[in-house]
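Visitor: Got a sequence here, can you build the structure:
(chains A and B, ligands or ions: 2)
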Amino acid sequence: MAQTPMLEITALEKRFGTVEVLRSINLKVGRGELVFVIGPSGSGKSTMLRCCNRLEEPTSGSIFIDGRNIVNCPAAELNRLRLQTGMVFQGFHLYPHMSVVRNVMLAQIKALKRNKVTARTRAMDMLDRVGLAHKADAMPSELSGGQQQRVAIARALALNPKVMLFDEPTSALDPELVGSVLKVMKDLRAEGMTMLVVSHEMAFAREAADRVVFMDGGVVVEQGPPEAIFGNPQHDRTRAFLSRVSHHAGAE
Amino acid sequence: MNAPAGFQRFVEVFFDGAIIDRYLPDLLSAMVTTLWLGAIIIVTGVAVGLVLACLRSLQVWWLTVSIVMFADILRALPPLVLILIFYFGLPGLGVMMSGPLVLFIVLAAVLAAFCEEIFWAGLTALPRGQWEAGRATGMSFAQTLISVALPQAVRMGVPSLVNRSLAITKMTALGSVIGVKEVLAVSSSAQAMSGSATPLTMAAAAYLAIFLPAVIFARWLERRFSWKV
Ligand SMILES: Nc1ncnc2c1ncn2[C@@H]1O[C@H](COP(=O)(O)OP(=O)(O)OP(=O)(O)O)[C@@H](O)[C@H]1O
Ligand SMILES: [Mg+2]
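Guide: Ligands and ions are numbered 1, 2, ... in the order given. Just a heads-up that it's a prediction; the model follows:
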């Protein structure tokens, strides 16, 4: 593609002490693309995602967001830089002592210095977008897991991120609640949001992903369109993983 | 025959009307002293404890070491020992402080030591994801500390904070050994002068008048802040 990708990871390495967790990762996510990352537990998926907003410090390599390398960015600029990426965690991590709408307002006020009225308006827009405007004044504990995760997505979206990072957004949810979160993600894709998603929702990947990346042992083993990865995987490791996952899913 | 006489004797010893009349004004002003000392000790102790816990969260080693030493030493020493050292020892170094000032400094410091530990326990009990959510949305360490971590740590600590504040405030009675005219000092000197136990009854009543409402308020506070997650 002609434009620079929205997110580009080159030669990314990450070590925890002497343990090599990521080894020369190269990955591009184009503008408006939804890229799915799959792989066995411990393969480094979360670590890679967390490097993209420097919740984890990369050991070496570069990560470009909209053409700007965030790895060598000075610590003082880090907070501003993190506004470019919205992160959604497996465990939601809503602030339990604040109402839903205040959860969505907080970083707008503190980090973006928006005034309260603007922040509230924006928060209500975002809550509306995830179908939860009517829960604005509820406390997080009064919501189901799926609703909490949608609030967490609204909280990230409210900051106008360029890329959304999802780390197993539906893994902590009861099966019947997964769909509501996936629907929000599908809507986002339709609106042109760039997304990097770590998830085990294979059916969703087939349906919604532009590209699927298979990671194992800290490297990208292969990547391609979902039909290719699921239908005709090139590597033994990918085949082994996919058959394990589908057997597991079949047994349930 | 004997019982009414015994009862009368009891009343004379503990509730002598003439003695009550004579010492009531002194005792009321002593109550005021106990009250304001208690109030500034709580406010200062809790505030200093909060600041210390925040400083400790910066994880700068020499700050951490100093704060932990401060907290451990002040929690280990009986406050009376510190009060005596400050009041009778420091003048030897040319540092003279009035009784109330010594009482305030020592008790506020002891309360600060306990409060620091309570706030710190709350901060460390906070799930890491709360910090990450704050930082990932572009908030600074300080912003995340103040808006996300501390409010939750304070809520978790309310019951211990309340109990500890009450316990330390009651120690204002230790001021009686260094001439602070608080409730116990005034009533025990009245007892010595008059030879009647009635001033001590008055002291008990005064303490009840101060601390019973405080205990009831504390209960309300605990219920109010008990986690309605
Ligand atoms: N803070 C850390 N310190 C040391 N090792 C870590 C740390 N975080 C992760 N690791 C290790 O890095 C490896 C990759 O972890 P990571 O969480 O990225 O895997 P993952 O692919 O997300 O796995 P899962 O599917 O279970 O979430 C694991 O072996 C893990 O033990
Ligand atoms: Mg993970």
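Visitor: contacts and neighbour counts: CA atoms only from here.
Guide: Fine.
Visitor: just so I have it, where are all the strands in the chain?
Guide: In the absence of a named chain, this looks at chain A. Taking DSSP state E as the criterion, chain A carries its strands at A:7-16, A:19-29, A:34-38, A:60-65, A:68-69, A:85-88, A:163-167, A:194-198, A:211-216, A:219-224.
Visitor: which strands and helices sit next to the first one?
Guide: When contacts are defined as 3 or more Cα pairs under 8 Å, 6 or more residues apart in numbering or on different chains; DSSP states H and E, strand A:7-16 packs onto strand A:19-29, strand A:60-65.
Visitor: Got phi/psi on A:Thr18?
Guide: With angles defined as degrees, to the nearest 10, A:Thr18 sits at phi -100, psi 0.
Visitor: Give me whichever of the helices and strands packed on strand A:7-16 is most buried.
Guide: With neighbours defined as mean count of other Cα atoms under 10 Å in any protein chain shown, the helices and strands packed on strand A:7-16 peak in mean count at strand A:60-65, which reaches a mean of 20.
Visitor: I'd like to check the angle between that strand and strand A:19-29, please.
Guide: For strand A:60-65 against strand A:19-29, the angle by axes from the mean of the first three to the mean of the last three Cα atoms, to 10 degrees is 30 degrees.
Visitor: Walk me through which strands strand A:60-65 pairs with, and which way each runs.
Guide: Strand A:60-65 has its sheet partners listed here by DSSP bridges as strand A:7-16 (antiparallel), strand A:68-69 (antiparallel).
Visitor: Any idea how many residues pack against residue 32?
Guide: Looking at chain A here, since you left the chain open. By the criterion of other Cα atoms under 10 Å in any protein chain shown, A:Gly32 has 19 neighbours.
Visitor: switch to chain B, that's the one I care about
Guide: Neighbour count of B:Val32, defined by other Cα under 10 Å: 15.
Visitor: Point me to the helix or strand that includes it.
Guide: For B:Val32, the element it lies in under DSSP states H and E is helix B:17-57.
Visitor: next SSE after that helix?
Guide: Where DSSP H and E defines the elements, the next helix or strand beyond helix B:17-57 is helix B:61-76.
Visitor: for that following helix, what is the average pLDDT?
Guide: The pLDDT scores in helix B:61-76 average 96.
Visitor: before we move on, back to that, rank the strands of chain A by mean pLDDT and give me the bottom one.
Guide: Across the strands of chain A, strand A:68-69 has the smallest mean pLDDT, namely a mean of 90.
Visitor: Show me the contact partners of that strand.
Guide: With contacts defined as Cα atoms under 8 Å, 6 or more residues apart in numbering or on different chains, strand A:68-69 is touched by A:62-63.
Visitor: just how off-centre is stretch A:92-105 within its chain?
Guide: 19 Å (Cα atoms, centre = their mean, to the nearest Å).
Visitor: Spell out whether that stretch and chain B are in contact.
Guide: Yes. Judged by Cα under 8 Å from any Cα of the partner chain, stretch A:92-105 and chain B are in contact via A:93-97.
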